[in-house]
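Novice: structure of the sequence below:
(chains A and B)
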2 protein chains.
Amino acid sequence: MIQPFDDTYFMKRALQEAESAYEKKEIPIGAVVVINNQIIARAHNLTETLNDVTAHAEMQAITAAANYLGGKYLIDCTLYVTIEPCQMCAGALFWSQISKIVYGARDEQRGCIALNTKLHPKTVMTGGVMAQEASQLLKQFFIEKRSE
Amino acid sequence: MIQPFDDTYFMKRALQEAESAYEKKEIPIGAVVVINNQIIARAHNLTETLNDVTAHAEMQAITAAANYLGGKYLIDCTLYVTIEPCQMCAGALFWSQISKIVYGARDEQRGCIALNTKLHPKTVMTGGVMAQEASQLLKQFFIEKRSE
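Specialist: Numbering: from 1, shown residues only, chains lettered A, B, ... in the order given. Sure thing, here's the model as predicted:
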């Protein structure tokens, strides 16, 4: 069966990254950056491994994508991320001038929507793609963590 | 003459970092992180050199300070930064739970105050320390850049 290059296809790749984080006991959030239907960066949360609050999936994906493109702006790129970006990541995405952000599940407490973080005027954001899977993985992680 | 360890003393160190950025043709913003009157991280903006929008002075100072401390939280630390942090950097400082932020000059357009970025409840922020010097350096940079 041929898989179309749609939002679900790329969000599945971001979810695979989130699962990689889970296996490392990191909060399971993953991201990929896509240009012309090609994945140019994949990353997952590594805040524990790197002892660094800035090591969110999105931040690393932005850095890796810019590195691949050889320029710091992510024009014509789409970021797929399993959970809605936080203020820091949305702030970084602002500077990157990325064209599109697609998130999975909302983060009602600390997400950029609730906290009203300013996106670049060139950036479109949509969400709810595989939200159930993304939030289920996160819930499972915290249940497991609490029972440790 | 003995120099006291006050805000001006540490902001001067942050300004030296900003001058290092200037010499590299980077937007001249510098930062240092201090704990118990000791500088544990110094950094300046490197977005052009690294081709990376996330390479603000504060982001690198946060990463370096956490690396020095061996933990990701910057409790009991103070960040001195020559210009008010942006949304991204304020968002990162939120996650770091840093105790204090001291900035030099305001950024009325893209600073975290104008954009209402949420700081951690444990964080105190003050500003205006050597503001004139910090903003003068920035102005001079952009005048020079425009005349190139």
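Novice: enumerate the residues of chain A near chain B.
Specialist: For chain A, the residues in contact with chain B (Cβ under 8 Å from any Cβ of the partner chain) are A:47-48, A:51-54, A:59, A:62-63, A:66-67, A:70-73, A:86-92, A:94-96, A:115-118. Just so you know, the C-beta spots here come from the backbone N, C-alpha and C atoms, and that holds for glycine as well.
Novice: any of these buried? List them.
Specialist: Buried residues within the residues of chain A next to chain B, counting neighbours by 16 or more other Cβ atoms under 10 Å in any protein chain shown: A:47, A:51-54, A:59, A:62-63, A:66, A:72-73, A:86-92, A:94-96, A:115, A:117-118.
Novice: backbone dihedrals for residue A:54, please?
Specialist: Residue A:54 adopts backbone torsions of phi -90, psi 0, taken as degrees, to the nearest 10.
Novice: what does the model give it for pLDDT?
Specialist: Model confidence at residue A:54, given as pLDDT, is 98.
Novice: contacts only, for the residue nearest to it when sequence neighbours are not counted.
Specialist: In space, and not counting its chain neighbours, residue A:54 is closest to residue B:92: 5.0 Å by Cβ to Cβ, 6 or more residues apart in numbering or on different chains. Residues near residue B:92 by Cβ atoms under 8 Å, 6 or more residues apart in numbering or on different chains: A:53-54, A:88, B:58-59, B:62.
Novice: so where does residue B:92 fall, helix or strand?
Specialist: Using DSSP states H and E, the element containing residue B:92 is helix B:87-96.
Novice: and for residue A:31?
Specialist: Counting by DSSP H and E, residue A:31 is part of strand A:30-35.
Novice: strand partners (parallel or antiparallel) of that strand?
Specialist: Strands flanking strand A:30-35 in the sheet, each with its direction: strand A:38-44 (antiparallel), strand A:78-83 (antiparallel) (DSSP bridges).
Novice: mean confidence score for it?
Specialist: 98.
Novice: which residues does it contact?
Specialist: A:10, A:13-21, A:39-45, A:57-58, A:60-62, A:64-65, A:69, A:74, A:76-82.
Novice: report the buried members of these.
Specialist: A:10, A:14-15, A:17-18, A:20-21, A:39-45, A:57-58, A:60-62, A:64-65, A:69, A:74, A:77-82.
Novice: tell me which residue is most central in chain A.
Specialist: Nearest residue to the geometric centre of chain A (Cα atoms, centre = their mean): residue A:81, 2.5 Å.
Novice: distance of that residue from residue A:34?
Specialist: 12 Å (Cβ to Cβ, to the nearest Å).
Novice: residue A:142: which of the strands paired with strand A:30-35 is closest?
Specialist: strand A:78-83 (12.6 Å; Cβ to Cβ).
Novice: average model confidence for the closest one?
Specialist: Average pLDDT, strand A:78-83: 98.
Novice: check stretch A:102-120 too.
Specialist: 98.
Novice: ok, residue A:9 - contacts?
Specialist: residue A:3 are the contacts of residue A:9 under Cβ under 8 Å, 6+ apart.
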